[in-house]
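**Student:** I need the structure of the sequence given here:
(one chain, ligands or ions: 1)
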Amino acid sequence: MAEEISSKVFEAHPMNGGDGPNSYAKNSIYQRRVVDIAKELMNKAILEKLDIDMSNTFYIADLGCSVGPNTFYSVENILETVRSKYQIQGQKSQISEFQVFFNDHAENDFNMLFKSLPQNRQYFAVGVPGSFHDRLFPNASIHIVHCSYAIQWLSRVPEAVVDSSSSAWNKGRIHYSNSTDEVIRAYETQCSEDMECFLHSRAQEIVYGGLIILTIPGRPDGTPHSLSQANMTLQFLGSCLMDMAEKGDVSEEKVDSFNIPMYTMSPQELKAAVERNGCFSIEIMSELPHQSITNTISLSQLLASHLRAGMEGIVKQHFGEDIIDELFDLYQNKCEENASIFKLGKSLSFLAVLRRIAD
Ligand code: SAH
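**Tutor:** Predicted structure coming up:
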């Protein structure tokens, strides 16, 4: 009998689909700007570090692509850079075609993605459902993997944090970052297991000399979890849910059993994971310049709209639809009230480019 490709079940929390006012498509400008800022370094890495035996078809995969439009922008940039690299090297005739694999959980709004594929695209598009914590592609079949603002999602909530008999029970909070050492350790362990699965799978799928390009919402090395701005946004959400529990709008037990499977890595943690895996060299690990996109809307509006586009699904799954509007209104107020605390936090986006080295 043929070997099963995947038998594992993964948690999936897709971004808001469609193109309505709360959709990811309309509320992901921050992520788009990160790709913009990373572009120059990314292109340099492709020009200088990609080192593969050429074939007629070049294969690119975007993991955690969501619904667009950011993914289209990223893959077009990669494609253009690869094309110019081989033109410069006088090998134009060799790559004649590009195939792009758009990956996300099966629950992602792939219809929206397919419907909005650019009409003038220069690649064959394929949707690949499944978790990037597992195998997605055949052996040695991919030249470049891109994954932007997605690796922070863990494959699941660590079991101990929802077990009331465990010392790592995360009562009254929805995230590890403002919690006990036990809870922090449970999340750290989950992240390191997940990175092992991610890198192990990619090591089999990427050709020698091929690249993984990651942009990551991170935490500066040495910064406590509680002072990372990415984490603070989730602490505020937890605090809104506790306010609602106090008013009796949601039950406290429901809040106790709710945790967000997200982890904000530091560059050092990623480096350690890559070294443990041993199949990739680190070609670039670089902090990206800070971006300011709050010229037209306030910081609290931006945080609320982006958080809602990403978190509405997971909140709805646990608490039901009725609390959503109230929760995100409260959230925007909470961000306004805590703006000065938030500004004391540290934020970091970073780019990592890894190259598959020969075994
Ligand atoms: N890369 C896009 C989307 C980022 S949002 C951009 O930059 O705009 C993060 C996406 O990662 C979501 O669509 C989510 O469903 C997806 N994701 C999270 N964990 C995943 C996993 N294990 N496998 C595949 N996709 C995942």
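**Student:** Leu214 should be in a strand, yeah?
**Tutor:** Yes: the assignment for Leu214 is a strand, going by DSSP: H, G, I helix; E, B strand; the rest coil.
**Student:** shaky segments in the chain?
**Tutor:** Along the chain, the model assigns pLDDT under 70 to residues 1-7, 90-94, 293-296.
**Student:** longest helix in it, please.
**Tutor:** Assignment by DSSP state H gives helix 181-205 as the longest helix of the chain.
**Student:** when you scan it, is anything in it near the ligand?
**Tutor:** No: Helix 181-205 stays clear of the ligand (Cβ under 6 Å from any ligand atom), getting no nearer than 8.0 Å. C-beta coordinates here come from the backbone N, C-alpha and C atoms, glycine included.
**Student:** how many neighbours does Ala203 have?
**Tutor:** Neighbour count of Ala203, defined by other Cβ atoms under 10 Å: 17.
**Student:** can you check Asp62 too?
**Tutor:** With other Cβ under 10 Å as criterion, Asp62 counts 25.
**Student:** that one: which element?
**Tutor:** strand 57-63 (DSSP states H and E).
**Student:** show me what contacts the residue nearest to Asp109 when sequence neighbours are not counted?
**Tutor:** Nearest residue to Asp109, sequence neighbours excluded (Cβ to Cβ, 6 or more residues apart in numbering): Gly17, at 2.8 Å. By Cβ atoms under 8 Å, 6 or more residues apart in numbering, the contact set of Gly17 is Ser23, Tyr24, Val67, Asn108, Asp109, Asn111, Met112.
**Student:** give me every residue that touches the closest residue to the ligand within the chain.
**Tutor:** At 2.8 Å from the ligand, Gly64 is the closest residue in the chain, using Cβ to the nearest ligand atom. Gly64 makes contacts with Asn103, Asp104, Phe132, Cys147, Ser148, Tyr149, Ala150, Ile151, Trp153, as judged by Cβ under 8 Å, 6+ apart.
**Student:** on that earlier part again, among the contacts of Gly17, which two are most distant?
**Tutor:** Farthest-apart pair in the contacts of Gly17 is Tyr24 and Asn111; separation 13.7 Å (Cβ to Cβ).
**Student:** which one of those two has more residues nearby?
**Tutor:** Tyr24 (27 against 12).
**Student:** now, the contacts of Gly17 that are in helices?
**Tutor:** Asn111, Met112.
**Student:** look up how far Lys247 lies from the closest residue in space to Lys171 that isn't next to it in sequence.
**Tutor:** Spatial nearest neighbour of Lys171, chain neighbours left out: Asp256 (5.0 Å); criterion: Cβ to Cβ, 6+ apart. Distance of Asp256 to Lys247, computed by Cβ to Cβ, to the nearest Å: 16 Å.
**Student:** who has more neighbours, those two?
**Tutor:** Between Asp256 and Lys247, Asp256 has the larger neighbour count (other Cβ under 10 Å), namely 19 against 9.
**Student:** residues from this structure in reach of the ligand?
**Tutor:** 10, 14-15, 28, 31, 63-66, 70-71, 103-105, 108, 131-133, 148-150, 153, 155.
**Student:** which of these fall in helices?
**Tutor:** Applying DSSP H to the residues of the chain next to the ligand, the entries found in helices are Gln31, Asn70, Thr71.
**Student:** redo those as a markdown table? Include distance to His200.
**Tutor:** Rendered in a markdown table, the data for those read as follows (distance: Cβ to Cβ, whole Å):
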| residue | distance to His200 |
| --- | --- |
| Gln31 | 26 |
| Asn70 | 27 |
| Thr71 | 24 |
